[in-house]
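Enquirer: sequence plus the predicted model coming up.
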Amino acid sequence: MPTSLHHPLASRHVAVIGAGAAGLVTARELHREGHKVTVFERQNQVGGTWVYTDRVEPDPLSLKQDRPIIHTSLYDSLRTNLPREVMGFRDYPFVCRPGSDPRMFPGHKEVLDYLKEFAKEFSVEEMIKFETQVDDVRLVDDDNKWRIKLKATNGDCEKEVIFDAVVVCNGHYTEPRVAHIPGVKNWPGKQMHSHNYRVPEPFRDLVVILIGSSASAIDISRDIATVAKGVHVASRSVADGTYVKQPGYDNMWHHSMIDSAHEDGTVVFRNGKAVLTDIILHCTGYKYHFPFLETNGIVTVDDNRVGQLYKHIFPPALAPWLSFVGLPWKVVPFPQYEYQSKWIAGVLSGRILLPSGEEMMEDIKNFYSQLEVSGIAKRFTHQMGETQFDYNDWLAAQCGILKCEEWRKEMYFVAGRNKCDRPETYRDDWDNEELVSQAYNDFAQYTNHKDTKR
C-alpha cells in the first residue's frame with residue numbers, strides 16, 4: 001500500500017454531489033478522515049434512486065433534454081435481487097430491524113429506511129444541503145480549486161461556492177438508453193422506457209413488447225403479465241431464431257431482437273414472427289450523464305464509457321481533486337461504494353499516495369486494451385460482475401483494510417445461481433443457512449454503530 005508517513009494529514013473542503021447510497025457513505029468516510037464535507041442533494045431526503053414515487057416524467061421515453069426529471073426508476077413491486085446480508089455496508093449491517101420488512105430479499109422501502117438510518121446513525125444528515133441543485137462545476141482558473149454554482153430546486157437563491165475537491169455521486173439511472181428500431185417513427189403504437197414504469201395496471205388487456213434481459217426487465221415482464229393480453233420479450237442476447245413460451249405463463253413469449261416496426265401496428269422480430277402491438281417498453285438501461293460538470297474535455301462520456309478514469313474513479317489530469325463513486329455496474333453496490341470512498345478520503349488527506357499521472361494513464365491504456373482484446377464493447381467498460389471482488393480487494397489493499405468477506409462473495413454467487421435456476425421463487429426459498437450463519441457471526445462484532453472521528 002503506497003502511503004505517506006512524513007507529512008501531517010491534510011483536511012480538505014470537499015463537495016459531494018448526491019445523497020444516495022454512494023453520497024452518504026462517501027460523506028461518512030471523508031468525515032472520518034478529517035475532511036470538511038458538504039453534500040448537495042436536489043431532493044428533500046436521502047436515498048437517491050431508492051426514493052420511490054408514483055410520479056413519472058411527461059416524456060414516456062425520457063429523451064427530451066428539457067423535461068422535468070424524476071430521479072428514481074423504482075417500480076412499486078421491486079424487491080432486491082441480492083440478499084440483504086450481502087448488500088449492507090461492512091460496519092453497518094443491513095439486518096432486519098423491529099417492525100421492518102423481514103424478508104431476506106426485501107422491498108425497496110426497506111432499503112430506503114436502511115439508508116435513512118445509516119445517515120442518522122453517522123450524522124451524515126448534518127452535512128447535507130437538501131433541495132439544492134448543482135448547475136455547474138468547473139475548475140477555478142490556475143487555482144486548482146472548484147467553483148460550484150448552486151440553485152434551490154424551487155428556482156430561488158442562486159449562489160457560488162468554492163471547494164478543494166469534488167466527489168461525484170449522482171447515480172446513473174435517470175438518462176435512459178433506448179433501442180434502435182427500424183421503422184418505429186411510422187409505427188402507430190406507444191413507446192416508453194422502464195424509467196417511467198411503476199405499476200402494471202396501465203397495461204391491462206394490451207399486447208406489450210418488452211426489450212431487455214436485465215433483472216428489472218425480468219421482474220417487469222412478470223409484473224405486466226398479470227394483466228396484459230400478451231407480453232413478448234425481445235433480447236439481443238439470444239439467437240436470431242429464438243421463439244420460446246415462458247414456462248408457467250400462457251401469455252408470455254421470448255423472442256430474438258426486433259427487426260422492424262410497421263405502419264399497420266405490427267412489429268416483426270428477427271425470428272420472423274410478427275405481432276400486432278400496442279406498446280413497446282424499453283428496459284434497455286441508462287447512460288452516464290454529468291450535465292453540470294465542465295472539465296474542458298478531460299472527462300468524457302463516449303458510448304457509455306466515462307473516460308479516462310484510473311480504476312473507474314480518478315481522471316489522472318484532475319486527480320485527486322475530482323473523483324467518481326458508483327460508476328461500475330453488475331456489482332454489489334453499497335460495499336463497493338464504501339471501498340471507493342475510503343480510498344478517495346485517504347488520497348485526499350495524503351495518507352495514501354496515487355501513482356504519477358503518467359503511470360495512471362498507462363494503467364488506463366492497458367485496461368482499455370484488455371477490454372478490446374477480449375471483445376468487450378466500449379459501452380461495457382464499467383461492467384464488472386465476477387471481477388468486482390478482485391477490484392474491491394485491490395481497493396482494500398490500498399486502504400490497508402480487510403478484504404471482502406468470503407461469505408459475502410459466496411452468497412452473491414449463490415444468489416446468482418438461484419436466480420438462474422429458480423427465477424420465480426429464488427427470493428423466497430433460500431436454502432443455504434450456513435452462509436447466513438457466517439454473515440450473522442460477522443455482524444456480531446458491529447454492536448455499536450456510533451461513529452468515531454479518525
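Expert: Received it, and whenever you're ready, just let me know what you need.

Enquirer: any weak-confidence spans in the chain?
Expert: For the chain, applying pLDDT under 70 flags the ranges 1-7, 447-454.

Enquirer: just the strands in the stretch 51-200 of the chain please.
Expert: 128-129, 132-139, 146-152, 159-163, 165-168, 190-193 (DSSP state E, counting those that start in this stretch).

Enquirer: relative to strand 159-163, how tilted is the third one?
Expert: Relative orientation of strand 146-152 and strand 159-163, computed by axes from the mean of the first three to the mean of the last three Cα atoms, to 10 degrees: 150 degrees.

Enquirer: tell me which strands and helices strand 146-152 is in contact with?
Expert: The contact analysis (3 or more Cβ pairs under 8 Å, 6 or more residues apart in numbering; DSSP states H and E) places strand 146-152 against strand 132-139, strand 159-163, strand 165-168. In this view, the C-beta of every residue, glycine as well, is placed from N, C-alpha and C.

Enquirer: buried set for the last one?
Expert: Meaning strand 165-168. 165-168 (16 or more other Cβ atoms under 10 Å).

Enquirer: between the helices and strands packed on strand 146-152, which gets nearest to Val95?
Expert: With Cβ to Cβ, the closest approach to Val95 among the helices and strands packed on strand 146-152 belongs to strand 165-168: 28.0 Å.

Enquirer: what's the closest one in contact with?
Expert: Strand 165-168 is touched from outside by 12-18, 23, 26, 30, 137, 146, 148, 290, 293, 320-325, 341, 344, 348, with contacts defined as Cβ atoms under 8 Å, 6 or more residues apart in numbering.

Enquirer: can you flag which of those residues belong to helices?
Expert: Secondary structure assignment (DSSP state H) places 23, 26, 30, 341, 344, 348 from those within helices.

Enquirer: are any of these buried, and which?
Expert: Using 16+ other Cβ under 10 Å, the buried members of the ones in helices among the contacts of strand 165-168 are 23, 26, 30, 341, 344, 348.

Enquirer: and these, which is closest to Asp240?
Expert: Closest to Asp240, out of all of those and judged by Cβ to Cβ, is Gly23, at 42.7 Å.

Enquirer: mind listing what the nearest residue to Val178 once chain neighbours are set aside touches?
Expert: What sits nearest to Val178 in space, not counting adjacent residues and going by Cβ to Cβ, 6 or more residues apart in numbering, is His282, at 4.7 Å. Going by Cβ under 8 Å, 6+ apart, His282 touches 61, 176-179, 191-194, 211-212.

Enquirer: repeat that for 6 Å
Expert: Neighbour list for His282: 178-179, 193, 211 [criterion: Cβ atoms under 6 Å, 6 or more residues apart in numbering].

Enquirer: and for Trp407?
Expert: Taking Cβ under 6 Å, 6+ apart as the test, what Trp407 contacts is 435, 438-439.

Enquirer: just the helices in the stretch 1-150 of the chain please.
Expert: 21-32, 84-87, 108-121 (DSSP state H, counting those that start in this stretch).

Enquirer: for those, give me CSV that also has distance to Val161.
Expert: Below are these laid out as CSV (distance: least, Cβ to Cβ, whole Å):
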stretch, distance to Val161
helix 21-32, 16
helix 84-87, 33
helix 108-121, 22
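
Enquirer: tell me which of these sits most buried.
Expert: helix 21-32 (a mean of 28; mean count of other Cβ atoms under 10 Å).

Enquirer: which strands and helices sit next to it?
Expert: Other helices and strands packing on helix 21-32, by 3 or more Cβ pairs under 6 Å, 6 or more residues apart in numbering; DSSP states H and E, are strand 13-17, strand 36-40, helix 333-349.

Enquirer: okay, buried residues for the first one please.
Expert: Put plainly, it is strand 13-17. 14-17.

Enquirer: adjacent strands (with direction) for it?
Expert: strand 36-40 (parallel), strand 165-168 (parallel) (DSSP bridges).

Enquirer: mind exporting the C-alpha coordinates of stretch 414-426 to PDB?
Expert: Extracted C-alpha coordinates of stretch 414-426, given in PDB (Å, rounded to 0.1, in the frame of the first residue of the first chain):
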ATOM      1  CA  VAL A 414     -25.300 -18.500  -4.800                       C
ATOM      2  CA  ALA A 415     -28.000 -15.800  -5.200                       C
ATOM      3  CA  GLY A 416     -27.000 -15.500  -8.900                       C
ATOM      4  CA  ARG A 417     -27.200 -19.300  -9.500                       C
ATOM      5  CA  ASN A 418     -30.600 -19.500  -7.700                       C
ATOM      6  CA  LYS A 419     -31.900 -16.600  -9.800                       C
ATOM      7  CA  CYS A 420     -31.000 -18.600 -13.000                       C
ATOM      8  CA  ASP A 421     -32.300 -21.900 -11.700                       C
ATOM      9  CA  ARG A 422     -35.500 -20.600 -10.000                       C
ATOM     10  CA  PRO A 423     -36.300 -17.200 -11.400                       C
ATOM     11  CA  GLU A 424     -39.900 -17.200 -10.000                       C
ATOM     12  CA  THR A 425     -39.000 -18.200  -6.500                       C
ATOM     13  CA  TYR A 426     -35.400 -17.600  -5.700                       C
END
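
Enquirer: Gln388 is nearest to which of the helices of the stretch 1-150 of the chain?
Expert: Here helix 84-87 is closest among these (Cβ to Cβ), at 11.7 Å.

Enquirer: show me what that closest one is packed against.
Expert: helix 406-421.

Enquirer: can you do 10 Å?
Expert: Helices and strands touching helix 84-87, by 3 or more Cβ pairs under 10 Å, 6 or more residues apart in numbering; DSSP states H and E, are helix 108-121, helix 333-349, helix 406-421, helix 433-443.
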